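Engineer: After the sequence you'll find the predicted model.
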Amino acid sequence: MKTEFRYDLPDELNVVSDGGVRIVTLNRPLELNAANHALHLGLSRVWDQLGSDPAARAVLLTGSGRAFSAGGDFGYMQENIDNPEVRERTMREGRRIVEGIVRCPLPVVAALNGPAVGLGCSLAVLSDILLMSDRSFLADPHLQMGLVPGDGGMAWPLAVGLSRAKQYLLLGERILPEQAVQFGLASRVVASGELESEALALTHRLAAMPAKAVQDTKKALNSYVELHLEGAFAAGFTGELDSMASTEHADAVSRARSRSAARQ
């Protein structure tokens, strides 16, 4: 008798089975799925678990509520500022997130139900196929927060070219859905009310394909990314770790937390 594979993840990251599809949902809707320590930890663990699930054939990644992910939680950023051990742990997890999604044998479809910012943007860009709601956008404002965009930012040149990557990473500008398709980041734009059904149907199509051939094709395609994991990505992670301890970052987080408190 077969037993269902059990995922060991925090409540902030849910995995639901739908046939051969595993629906992975960022689950902090009241915080716009901003990554606190629990969610960040879950994202660092989920990819190996997905690859170990014998019945899984494809992954659908999305967010709960009205955002895909607002990036990093300000409280979690403050923990990283205050504690060097937390910073080191966060960067280790960041490496595992990037390497995990790149090396996960299953094809990953990201369905952007809303804004994908910072880490959320990185997850979207590193996914294999990206569908964007007409209410979503991409943005990586790491530099505006005094941070080097290490956790996925170095994938941008591979996706959109070096010049365009510099523009959007250095300035943190938004990329609207139609632009994302034009740039080659996203496959298509979907009306918000149809995103869930279209993304699930697409993921089931992938799950129905010959599994070994799909996995080996993804591995071959992502070998382009693998070439840069110990170069550009490693440099980005080193820079991000250093910038977490900077005065620029501490000041930016302080301002952001003040603005957030004033809105409440």
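Structural biologist: Received it, and whenever you're ready, just let me know what you need. None of these values were measured; they are calculated from a predicted model.
Engineer: And the helices in the stretch 151-264 of the chain?
Structural biologist: 156-160, 162-171, 177-183, 195-208, 211-221, 223-229, 232-244, 247-263 (DSSP state H, counting those that start in this stretch).
Engineer: try the stretch 1-150 of the chain
Structural biologist: 37-52, 74-82, 84-103, 119-126.
Engineer: closest to Gln215 out of those?
Structural biologist: Proximity to Gln215, assessed across these by CB to CB, is greatest for helix 37-52 (9.2 Å). For the C-beta atoms, the positions are set from N, CA and C on the backbone; glycine is no exception.
Engineer: CA atoms only for the closest one - export them in PDB, please.
Structural biologist: Taking Å, rounded to 0.1, in the frame of the first residue of the first chain, the C-alpha atoms of helix 37-52 are listed here in PDB:
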ATOM      1  CA  HIS A  37      12.100  33.500   8.900                       C
ATOM      2  CA  ALA A  38       9.600  30.600   8.700                       C
ATOM      3  CA  LEU A  39       8.600  31.300   5.100                       C
ATOM      4  CA  HIS A  40      12.300  31.800   4.100                       C
ATOM      5  CA  LEU A  41      13.200  28.500   5.800                       C
ATOM      6  CA  GLY A  42      10.300  26.700   4.100                       C
ATOM      7  CA  LEU A  43      11.400  28.000   0.600                       C
ATOM      8  CA  SER A  44      14.900  26.700   1.300                       C
ATOM      9  CA  ARG A  45      13.500  23.200   2.100                       C
ATOM     10  CA  VAL A  46      10.600  22.700  -0.300                       C
ATOM     11  CA  TRP A  47      12.600  22.000  -3.500                       C
ATOM     12  CA  ASP A  48      14.400  19.000  -2.300                       C
ATOM     13  CA  GLN A  49      11.200  17.600  -0.800                       C
ATOM     14  CA  LEU A  50       9.400  18.100  -4.100                       C
ATOM     15  CA  GLY A  51      12.200  16.300  -5.900                       C
ATOM     16  CA  SER A  52      11.800  13.400  -3.500                       C
END
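Engineer: starting at the chain centroid, how far to that helix?
Structural biologist: Taking CA atoms, centre = their mean, to the nearest Å, one finds the center of helix 37-52 at 11 Å from the center of the full chain.
Engineer: Please tell me I have it right and Asp151 contacts Gly239.
Structural biologist: No. Assessed by CB atoms under 8 Å, Asp151 is found out of contact with Gly239, at 10.9 Å.
Engineer: In terms of packing, which of those two has more residues around it?
Structural biologist: Just comparing Asp151 and Gly239: by other CB atoms under 10 Å the higher neighbour count belongs to Asp151, 32 against 17.
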